[in-house]
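A.B. asks: Need the 3D shape of this:
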Amino acid sequence: MTDSASQQLLHLVIGGELVNLDKNEFKDLDKVDIVGVYPNYAAAHAAWRAKAQMTVDNAHMRYFIVHLHRLLDPGQDAK
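C.D. replies: Next comes the predicted model:
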C-alpha cells in the first residue's frame with residue numbers, strides 16, 4: 001500500500017427529504033440521493049455544500065457527510 005493510499009479517508013455524501021426535522025429519517029428511501037464517495041473530508045464538504053445550496057428552498061431536504069473511514073476501521077481514531 002502506498003503512502004497516499006494509507007492517507008485516504010473515505011467520505012460518503014448522501015441526502016434526501018426527511019419525514020420531519022426532529023430526526024434523520026428519510027421520507028422515501030428510493031429517492032435518497034447518493035452524491036458520491038470522496039477521498040477526504042474537504043472534497044466531501046465541497047460536494048455537500050453544492051448539493052445543500054441547490055435544495056435550499058426545501059426545508060425538509062438534508063444532505064449528510066458519512067465518515068466511511070470510521071466504519072471501515074473503527075480503531076483508526078484511537079491510533
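
A.B. asks: Now the lengthiest helix in the chain: buried residues?
C.D. replies: Ordering each helix of the chain by length in residues (DSSP state H) puts helix 41-54 first. Buried positions in helix 41-54, judged by neighbour count with 16 or more other C-beta atoms under 10 Å: 44, 47-48, 51. Bear in mind the C-beta positions are built from the backbone N, C-alpha and C, glycine included.

A.B. asks: packing partners for it?
C.D. replies: Counting contacts by 3 or more C-beta pairs under 8 Å, 6 or more residues apart in numbering; DSSP states H and E, helix 41-54 is packed against strand 11-17, strand 33-38, strand 61-66.

A.B. asks: now the last one against strand 33-38, angle please.
C.D. replies: This means strand 61-66. 30 degrees (axes from the mean of the first three to the mean of the last three C-alpha atoms, to 10 degrees).

A.B. asks: In the sheet, which strands lie alongside strand 61-66, parallel or antiparallel?
C.D. replies: strand 11-17 (antiparallel) (DSSP bridges).

A.B. asks: list the buried ones in the partner strand?
C.D. replies: Within strand 11-17, the residues scored as buried using 16+ other C-beta under 10 Å are 11-17.

A.B. asks: next one: stretch 62-79
C.D. replies: 62-63, 65, 69.

A.B. asks: picking that back up, mean pLDDT added to the helices and strands packed on helix 41-54, as CSV?
C.D. replies: Output for these, formatted as CSV (pLDDT from 0 to 100):
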stretch, mean pLDDT
strand 11-17, 97
strand 33-38, 97
strand 61-66, 96
